[in-house]
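Below are the sequence and a predicted model for it; my questions follow.
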Amino acid sequence: KQMPFKTMTAKGHMRVIIMDLHRDNMLKGKRVIVTGASTGIGEQMAYHLARMGAHVLITARTEAKLQKVVTRCLELGAASAHFINGSMEDMALAEDVVKEAKQLWGGLDMLILNHIGYTYFNYFDGDVEHIRKLLEINFLSYVAMTVSALPMLKESGGSILVVSSTAGKIGIPFVAPYSATKFALDGFFSSLRQELIIENISVSITLCILGHIATETAEKTVSHVMQKPGAPKEVCALEIIKSGALRKRELYYPYTAVRIPLLIRDWAPEFLDSLTRNSLNVENVKRS
Ligand SMILES: NC(=O)C1=CN([C@@H]2O[C@H](COP(=O)(O)OP(=O)(O)OC[C@H]3O[C@@H](n4cnc5c(N)ncnc54)[C@H](OP(=O)(O)O)[C@@H]3O)[C@@H](O)[C@H]2O)C=CC1
Ligand SMILES: CC(C)CCC[C@@H](C)[C@H]1CC[C@H]2[C@@H]3C(=O)C=C4C[C@@H](O)CC[C@]4(C)[C@H]3CC[C@]12C
C-alpha cells in the first residue's frame, strides 16, 4: 500500500516521501470513469477506488457483471457507483459514458481507459477486418472518450490513464493486431501529452506498460505459452491508480520484467527479439 517517492527540498537535499493513497485520502470524493471494469484489472481498479471513497462510473458490455461490480463497490465504500453497458465499437457509447459523468457529477477527475476487444494469441491470420474492429475498440474509442472528457478534465486539473502493454512498446509474436492498437495509443497519447505541456494545461497522461497479469482472460489465452505465472491483478490495479494520482508519465508493472526489456530494446534489438522468442513456449502455439 505504501510507495516512496523522491522530491527536492529548498536546499536541494533529496527527501523521500512515503505516500499512502488511503491514509492521505488522495482519491476520496474524486469522480472516476473506469472502462472494461466488468472483469480483470478494470474490476479490481473499481474496487480500489471504492475503498478509497471515490465516485465511480464503470462500463463494459455485460450488464449482469457490471451490476455485481457496482453492488460490491457500494459495499466497499464508494461515494457513488454507476454503470453504463455497451460496446466500444460504437463511438456514440464512448461519448455517452462521458456525458453520463457530466450529468451525474458535473465534472470528472480521472479517466481510466482500460477495455480491449477479443484478442487471439496465434500467428496472424490475415484478417484485416479484425484489425479495423480492434483499432476501433482499443484505440479510436480511447481517443473519442478523451476528446469528450478533456473540457471537464481541464477544469478539474484531472488525469487520463491509458492501460497499455509490453506488446505496445516491443514487437511480441502472436499478437500482431493487438500490438498495433497498443502502439497506436503510445503515438497518440505521447504526442497529446507534449501539447498539453506546451499549452500549460494541467491534465496529466499516464501510459501504463503492463507485463503478463494473471486475469482470467489472460490465463485462458496464454497460460500454455508462458514459463511463469502472471503478476497479481489486484496489485496491478493499485499500481495503475497510484501512478495516475502521482501524475507519472509512464508506469512499468511488474517493474523489472517490463523495464529491463525496454532498456535493452534500443541498444540490442536483435538480442531482445531472441530473448522474447525464447521466453515463450512457441511449440505450444498451434497453427490454426
Ligand atoms: N492481462 C494481461 O496479461 C495484460 C493486460 N493488459 C491490458 O490491461 C487491460 C485489462 O486487461 P484484462 O484485465 O486482462 O482484460 P479482461 O479481458 O479481463 O477485461 C476486458 C474488459 O473489457 C470489456 N470489453 C470487452 N470487449 C469490449 C467491447 N467491445 N466494448 C467494451 N468493453 C469491452 C470486458 O467486458 P465485456 O466482455 O462485458 O464487454 C472486460 O470488462 C487491457 O487494456 C489490456 O490490454 C496489458 C498487458 C498484459
Ligand atoms: C520481453 C519479453 C520477455 C516479454 C514477453 C511478455 C509477453 C509474452 C506478454 C506481455 C503482454 C502480454 C499480452 C497483453 O498485453 C494482453 C493480452 C490480452 C489478453 O486478453 C490475452 C493475453 C495477452 C495477449 C497478453 C499475452 C502475453 C503478453 C504478450
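In hand now; what should we look at? Ligands and ions are numbered 1, 2, ... in the order given.

And the helices in this structure?
40-51, 63-76, 91-105, 128-135, 141-156, 176-198, 216-222, 233-245, 255-265, 269-278 (DSSP state H).

who's in contact with the residue in the stretch 1-150 of the chain that ligand 2 sits nearest to?
Per Cβ to the nearest ligand atom, residue 119 is where the stretch 1-150 of the chain lies closest to ligand 2, at 4.6 Å. C-beta coordinates here come from the backbone N, C-alpha and C atoms, glycine included. Contacts for residue 119 were tallied using Cβ atoms under 8 Å, 6 or more residues apart in numbering; they are 134, 175, 177-178, 221.

Mind doing that once more with 6 Å?
Applying Cβ atoms under 6 Å, 6 or more residues apart in numbering, one finds that residue 119 lies in contact with residue 178.

Quick check: the gap between it and ligand 1.
8 Å (Cβ to the nearest ligand atom, to the nearest Å).

Could you tell me how far that residue is located from residue 131?
According to Cβ to Cβ, to the nearest Å, residue 119 stands 11 Å off from residue 131.

Also residue 154?
33 Å.

go on, residue 68?
32 Å.

again with residue 283
Taking Cβ to Cβ, one finds residue 283 at 26 Å from residue 131.

And these two? Which one has more around it.
residue 131 (16 against 8; other Cβ atoms under 10 Å).

since we're on the nearest residue to that one once chain neighbours are set aside, how many residues are nearby?
Take residue 131 and drop its neighbours on the chain: the residue closest to it by Cβ to Cβ, 6 or more residues apart in numbering is residue 177, 4.6 Å away. Using other Cβ under 10 Å, residue 177 has 20 other residues around it.

check contacts around residue 177.
Per Cβ under 6 Å, 6+ apart, neighbours of residue 177: 130-131, 134.

at 8 Å instead, please
119, 124, 127, 130-131, 134.

Among those, find me the one that's closest to residue 150.
residue 134 (24.2 Å; Cβ to Cβ).

Would you agree the closest one is in contact with residue 117?
Yes - using Cβ atoms under 8 Å, residue 134 and residue 117 qualify as a contacting pair, with a distance of 5.2 Å.

By proximity to ligand 2, which residue of the stretch 101-250 of the chain wins?
residue 165 (3.1 Å).
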